[in-house]
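> Sequence and predicted model, in that order:
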Amino acid sequence: MGFPSLPNCNWDMLLDDLYELLKEIKSGYDIDEDRVYLTGLSMGGHGTWVFAVQHPDEFAAIVPICGWLIDVNDARRLADMPVWVFLCSARSCLISVLPNESRTGQDNNKVGRLPGCLQ
């Protein structure tokens, strides 16, 4: 599942509809529910974080790219979920939220550093 950019609204306006769509897709298709992944870029990366925090049991892993959380404490709800974060220097504040080793003692989180970013 991937998140598009939303130029004229925010994710809070669409999360209930998105959850209904996810349930419909899961019930209408032969899907391995242990292999549902969530990703998004920029506003979609933000949506990835927000949706995963609200529905952590729906996804095997998430890959937010250049996304952010308003309240970084929400990341605790994802302590058992593999997370691969891609950031550029403008979003470097999130490095402290999900470093290479999780603060929960697990090592299922990863930060991707792209060439030219986070020097």
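Okay, I see it.

> which SS state does the spatially closest residue to residue 45 that is not a sequence neighbour fall under?
Closest residue to residue 45 apart from its sequence neighbours, by Cβ to Cβ, 6 or more residues apart in numbering: residue 67 at 2.2 Å. In this view, the C-beta of every residue, glycine as well, is placed from N, C-alpha and C. Residue 67 carries the three-state label coil when classified by DSSP: H, G, I helix; E, B strand; the rest coil.

> just residue 85 next, same as before
The three-state assignment at residue 85 reads strand, by three-state DSSP.

> Local confidence estimate at it?
You'll see residue 85 listed with a pLDDT of 84.

> One more: the one 5 residues further on?
Residue 90 carries a pLDDT value of 49.

> can you start the count at 479 instead of 1 from here on
I'll keep to 479 as the first residue from here, and by that count the last item is residue 568.

> pLDDT weak spots in this structure?
Flagging of the chain using pLDDT under 70 yields the residue ranges 479-490, 566-597.

> show me where it has helices.
Secondary structure of the chain (DSSP state H): helices at 493-506, 521-532.

> could you dump those helices to TSV with mean neighbour count and distance to residue 565?
Below are the helices of the chain laid out as TSV (neighbours: other Cβ atoms under 10 Å; distance: least, Cβ to Cβ, whole Å):
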stretch	mean neighbour count	distance to residue 565
helix 493-506	12	23
helix 521-532	23	9
